[in-house]
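Peer 1: This is a predicted model, with the sequence first.
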Amino acid sequence: HIYKRLINMNLKNFPVFKRLLLGSSLLLASVTADAFTVKTVSVDGLNSVDKEGFFFQVKSIFGDLDKSSGDLKKELDFTVTKQEKLINDLYATGLYKNVSLYEQDGNHLVISVVENPVYGQVQLTGNKKIASDKIQPILKKMKITAGNVISSYTLQQITYALQQQYQAMGYEQATVKAVATASKNNPRIMNVNIVFNEGSVSKIKSIVFQGNKAFSSRILRQQMSLTSSGLLTFITGKDQYSKQKLSADIEKLKVFYQNHGYRDVKISPPSADVEKKAKAGQIGLVLKINEGSLYYFGQFNLKVILASPDNQFESQLKSLVKQKTNELFSLKSINSIINSIKSKLDSKGYATAMVQYKVDDASAKVSDHGNKTVNVTFSVKPGAKAYVRQISFSGNTQTQSIVLRKYLLQMEGQPYSKQDIQDSIRMINNTGFI
């Protein structure tokens with residue numbers, strides 16, 4: 001066939017190309033295609049997608065058309081905008097890797113597609129520490145099952161997540177790869193084998209701290225979940241090295257220091273060669289600590305941002321900010337005040353309130369007692385009050401809702417109260433009905 005006009009879009013956002021067949025030569029120009037009138041439509045390249053399903057996918061462009069002949073009920077002015085929408089709509093289904101549009105014989109549109117490959121058989125090989133029946137539901141949820149369109153992105157996601165899980169379990173040497181091979185009977189069907197190489201567990205032979213003066217190494221080790229190999233670690237597994245667990249332990253150590261006045265503490269993670277040693281099977285951890293200065297609390301300040309002034313409510317909040325002047329700086333103390341403020345706000349219907357704190361570094365100074373102190377400002381943004389519109393129950397197959405409502409402290413139409421909701425749940429649990 002010699003086509004009057006060929007419109008080809010191989011990628012979603014590429015410009016529309018017009019190809020003109022001139023004898024035996026092909027002229028390619030990046031120009032805007034002209035609009036033309038479409039009376040009939042046909043499609044080439046369908047394999048797994050049936051013709052009726054395909055025409056349903058393009059219904060927003062062509063409306064209802066005759067499934068056998070492809071005749072439109074009403075001829076269509078096929079503008080460039082509609083051409084681009086058709087291409088984008090088809091790509092959006094995820095079923096096609098190439099879509100081309102051709103004008104043939106004046107008013108006939110040919111849609112040529114190349115379908116994406118689909119999963120055939122999906123196998124798991126080499127996984128012993130994580131059972132297949134734990135992985136299969138995840139594969140199903142991610143649509144990595146027979147008949148679904150293959151997505152390299154989701155395959156990368158699942159292999160990465162599984163490898164991370166192995167590392168969290170102490171198997172730093174573990175690798176997970178997806179190997180795809182085309183079916184002999186149908187090259188479009190790809191059989192996927194997810195191959196596990198679990199390796200062996202890396203053990204921690206020692207944990208050494210450098211730069212710790214305020215606390216002994218024994219006290220610091222007690223703050224960590226990881227530990228060095230010992231008599232009971234073959235049962236607890238706490239000596240199994242995990243990069244994620246080590247990062248969490250470093251955060252625990254920072255919080256421990258910050259709860260004891262050392263707000264500027266810095267703890268350097270082990271050097272990069274630790275990962276190499278981990279793959280060798282046994283490692284020694286060295287954590288370098290810069291404790292910084294010891295701080296005490298100066299003044300606590302409260303800043304409340306209300307839509308309209310409410311001196312009484314503001315006073316109630318201020319009463320929760322109890323001064324701790326000359327007490328050791330402690331994140332735990334700060335969080336305790338924040339939780340008290342949030343609890344108060346919840347009880348007054350402020351379900352979306354924001355409470356933040358800021359340490360005023362400019363206020364850092366040496367007090368009369370010789371302590372280095374800092375002031376802390378709490379900022380409160382209550383926002384709008386939330387009201388409970390409706391309360392419903394589910395799962396009460398024997399006890400009627402009207403009976404359960406007698407134990408509610410939170411009422412419909414009243415301001416939201418977290419405390420009332422928790423007390424309501426407690427009272428219902430205590431009835432013996434549940």
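Peer 2: Sure thing, it's come through. Numbering: from 1, shown residues only.
Peer 1: Do a quick rundown of the strands in the stretch 1-150 of the chain.
Peer 2: With strands called from DSSP state E, counting those that start in this stretch, the stretch 1-150 of the chain shows them at 5-9, 17-22, 25-29, 36-44, 71-78, 96-104, 108-115, 118-125.
Peer 1: likewise the stretch 201-350 of the chain?
Peer 2: 203-210, 266-268, 282-290, 295-304.
Peer 1: Now tabulate those strands in TSV and tack on distance to residue 348, mean pLDDT and mean neighbour count.
Peer 2: C-betas here are computed from N, CA, C, even on glycine. Listed next are those as TSV, based on distance: least, Cβ to Cβ, whole Å; pLDDT from 0 to 100; neighbours: other Cβ atoms under 10 Å:
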stretch	distance to residue 348	mean pLDDT	mean neighbour count
strand 203-210	46	90	16
strand 266-268	40	94	15
strand 282-290	43	89	17
strand 295-304	12	92	18
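Peer 1: would you list these in a markdown table and tack on distance to residue 356?
Peer 2: Listed next are these as a markdown table, based on distance: least, Cβ to Cβ, whole Å:
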| stretch | distance to residue 356 |
| --- | --- |
| strand 203-210 | 33 |
| strand 266-268 | 23 |
| strand 282-290 | 27 |
| strand 295-304 | 10 |
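Peer 1: any low-confidence regions in the stretch 51-200 of the chain?
Peer 2: Judged by pLDDT under 70, the stretch 51-200 of the chain has no weakly predicted residues.
Peer 1: can you state the direction angle for the lengthiest strand in the chain and strand 295-304?
Peer 2: Ordering each strand of the chain by length in residues (DSSP state E) puts strand 354-366 first. For strand 354-366 against strand 295-304, the angle by axes from the mean of the first three to the mean of the last three Cα atoms, to 10 degrees is 140 degrees.
Peer 1: list the helices and strands the helix or strand following strand 354-366 packs on?
Peer 2: Downstream of strand 354-366, the first helix or strand assigned by DSSP states H and E is strand 372-381. Using 3 or more Cβ pairs under 8 Å, 6 or more residues apart in numbering; DSSP states H and E, the elements in contact with strand 372-381 are strand 295-304, helix 331-347, strand 354-366.
Peer 1: Out of those, the one nearest residue 406 is which?
Peer 2: In terms of Cβ to Cβ, the element of these nearest to residue 406 is helix 331-347, at 21.9 Å.
Peer 1: Quick one: work out the angle between the closest one and strand 295-304.
Peer 2: Going by the same axes, to 10 degrees, helix 331-347 makes 20 degrees with strand 295-304.
Peer 1: which of the residues in helix 331-347 are buried?
Peer 2: By neighbour count on 16 or more other Cβ atoms under 10 Å, the buried set for helix 331-347 is 331, 333, 334, 337, 338, 340, 341, 342, 344, 345, 346.
Peer 1: Counting neighbours, what do you get for the nearest residue to the fourth one once chain neighbours are set aside?
Peer 2: Once its chain neighbours are removed from consideration, residue 337 has its nearest residue in residue 321; the separation is 5.8 Å (Cβ to Cβ, 6 or more residues apart in numbering). Taking other Cβ atoms under 10 Å as the criterion, the count of residues near residue 321 is 18.
Peer 1: so what's residue 323 scoring on pLDDT?
Peer 2: The model reports residue 323 with a pLDDT of 84.
Peer 1: Show the backbone phi and psi for it.
Peer 2: Per-residue torsions, residue 323: phi -60, psi 140 (degrees, to the nearest 10).
Peer 1: Report the beta-bridge partners for the closest residue to it other than its chain neighbours.
Peer 2: Leaving aside its chain neighbours, residue 323 sits nearest to residue 300 (5.5 Å; criterion: Cβ to Cβ, 6+ apart). Listed by DSSP bridges, the beta-bridge partners for residue 300 are residue 376.
Peer 1: from memory residue 300 sits against residue 374, does it?
Peer 2: No - at 10.6 Å, residue 300 does not count as touching residue 374 under the criterion of Cβ atoms under 8 Å.
Peer 1: overlap in contacts of these two?
Peer 2: Shared contacts of residue 300 and residue 374, defined by Cβ atoms under 8 Å, 6 or more residues apart in numbering, are absent.
Peer 1: export the strands of the stretch 1-150 of the chain to CSV and tack on mean neighbour count and distance to residue 155?
Peer 2: Listed next are the strands of the stretch 1-150 of the chain as CSV, based on neighbours: other Cβ atoms under 10 Å; distance: least, Cβ to Cβ, whole Å:
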stretch, mean neighbour count, distance to residue 155
strand 5-9, 19, 26
strand 17-22, 14, 32
strand 25-29, 9, 35
strand 36-44, 16, 29
strand 71-78, 14, 37
strand 96-104, 19, 16
strand 108-115, 18, 18
strand 118-125, 16, 10
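Peer 1: how about those strands in a markdown table, adding distance to residue 200?
Peer 2: Formatted as a markdown table, those follow (distance: least, Cβ to Cβ, whole Å):
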| stretch | distance to residue 200 |
| --- | --- |
| strand 5-9 | 51 |
| strand 17-22 | 55 |
| strand 25-29 | 57 |
| strand 36-44 | 54 |
| strand 71-78 | 63 |
| strand 96-104 | 41 |
| strand 108-115 | 43 |
| strand 118-125 | 18 |
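Peer 1: Of the ones you listed, give the one that comes closest to residue 257.
Peer 2: When the strands of the stretch 1-150 of the chain are ranked by proximity to residue 257, the top entry is strand 118-125, at 44.0 Å, counting by Cβ to Cβ.
Peer 1: How far off centre is the closest one?
Peer 2: 26 Å (Cα atoms, centre = their mean, to the nearest Å).
Peer 1: which residues does residue 110 bridge with?
Peer 2: Assigned bridge partners for residue 110, using DSSP bridges, are residue 42, residue 102.
Peer 1: Let me see the contact set for residue 408.
Peer 2: By Cβ under 8 Å, 6+ apart, the neighbours of residue 408 are 391, 424.
Peer 1: Mind picking the two most distant members of the buried residues of helix 331-347?
Peer 2: Across the buried residues of helix 331-347 (Cβ to Cβ), the longest gap, 21.8 Å, separates 331 and 346.
Peer 1: for the closest residue to residue 295 other than its chain neighbours, what are its contacts?
Peer 2: Closest residue to residue 295 apart from its sequence neighbours, by Cβ to Cβ, 6+ apart: residue 329 at 4.0 Å. For residue 329, the contact set (Cβ under 8 Å, 6+ apart) comprises 258, 261, 262, 263, 295, 296, 297, 374.
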